[in-house]
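Student: can you look at this prediction? I've put the sequence above it.
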Amino acid sequence: MIKILNERKFTVKGINLNAALKAIKLIALDVDGVLTDGRIGYSGSGDEIKFFDVKDGSGITMLRRAGLAVGIISGRKSKANQTRAAELKLDFLVENCWTKWEALKAIAQERGISTDECLYIGDDMIDGQTLANAGIGVAVGDASPEVTPYADVQTQAFGGRGAIREVSEWLLKAQDKWELQLKHYHLLEN
C-alpha cells in the first residue's frame, strides 16, 4: 500500500495527488535498489549478476501496454541493466548518469511532455533531486532515510521485491486502466 509522505507539491500547483497521477505519461526507474534489491554479485569469470523481480517486470509490461513510457536512469552501467531493459522493451535506458534530474528533463523534452507528467522511482541520495522535482517522486519501502523527505510517496514493498509492481497497480487504477489489464489476462469478462 502506497504511503503518502508529502502532498504540498501538489497543493502549491492547485491539484491533488489523484490529479497528478492521472497526468502521468512516463515512468523512470533507478535500477540498483529499485529494480533490484541493491545487491550485486560476480560470477567466477567476473560478470556482474543482478536479480530482478518477475512481478516488477509484469507491472512494467502492464504500464507499457496501457500506453505509458517506461525506462531506466541508472548511475551504473551494466550488461545486466541492458539485458533487462531489452527484455522488457523499455522506452529508454540512460546509464552512467550522476545527474538524473537533468536526464529526466531531457527525456521529457525529447518526448514533448512536461516533467510534471513524469513519475520517478528511487531509493538513495543520488535520486533525491529527481524525486523532489518529478511530477511524482516515489521512494521504495527500504529507501535511504536521507532521501525519503524528498519523495511524495513511498511503497510498502522494498526495492527488487515488488515495489515497481505496487506502483504499477496504483497508477493504473488511478488512471482507470486496471480493468484493461484484468481483461487482458482473462480475469474479467470483456
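Tutor: It's in. Numbers count the residues shown, from 1 in each chain.
Student: and Ala28, that one's in a helix?
Tutor: No: secondary structure of Ala28 (DSSP: H, G, I helix; E, B strand; the rest coil): strand, not part of a helix.
Student: buried set for stretch 68-82?
Tutor: Within stretch 68-82, the residues scored as buried using 16 or more other CB atoms under 10 Å are 68-75, 78, 80-81. (C-beta placed from N, C-alpha, C; glycine too.)
Student: how many other residues sit next to Ile24?
Tutor: 21 (other CB atoms under 10 Å).
Student: find the nearest non-adjacent residue to Thr115, please.
Tutor: Sequence neighbours aside, Ala108 is the residue nearest to Thr115 in space, at 5.0 Å (criterion: CB to CB, 6 or more residues apart in numbering).
Student: need phi/psi at that neighbour.
Tutor: Main-chain torsions, Ala108, degrees, to the nearest 10: phi -60, psi -50.
Student: gap between it and Gly137?
Tutor: 14 Å (CB to CB, to the nearest Å).
Student: out of these two, which sits in the more crowded spot?
Tutor: Gly137 (27 against 21).
Student: just the element for that one, please.
Tutor: Element membership for Gly137, per DSSP states H and E: strand 136-139.
Student: need the residues that contact the helix or strand following that strand.
Tutor: Using DSSP H and E, the next helix or strand after strand 136-139 towards the C-terminus is strand 153-154. Contact with strand 153-154 is made by 2-5, 17, 136-141, 143, 148, as judged by CB atoms under 8 Å, 6 or more residues apart in numbering.
Student: can you list the residues you listed in CSV and add pLDDT and distance to Ala28?
Tutor: Formatted as CSV, those follow (pLDDT from 0 to 100; distance: CB to CB, whole Å):
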residue, pLDDT, distance to Ala28
Ile2, 96, 17
Lys3, 96, 20
Ile4, 95, 20
Leu5, 95, 19
Leu17, 96, 18
Ile136, 98, 11
Gly137, 98, 10
Val138, 98, 10
Ala139, 98, 14
Val140, 98, 14
Gly141, 98, 19
Ala143, 98, 15
Thr148, 97, 18
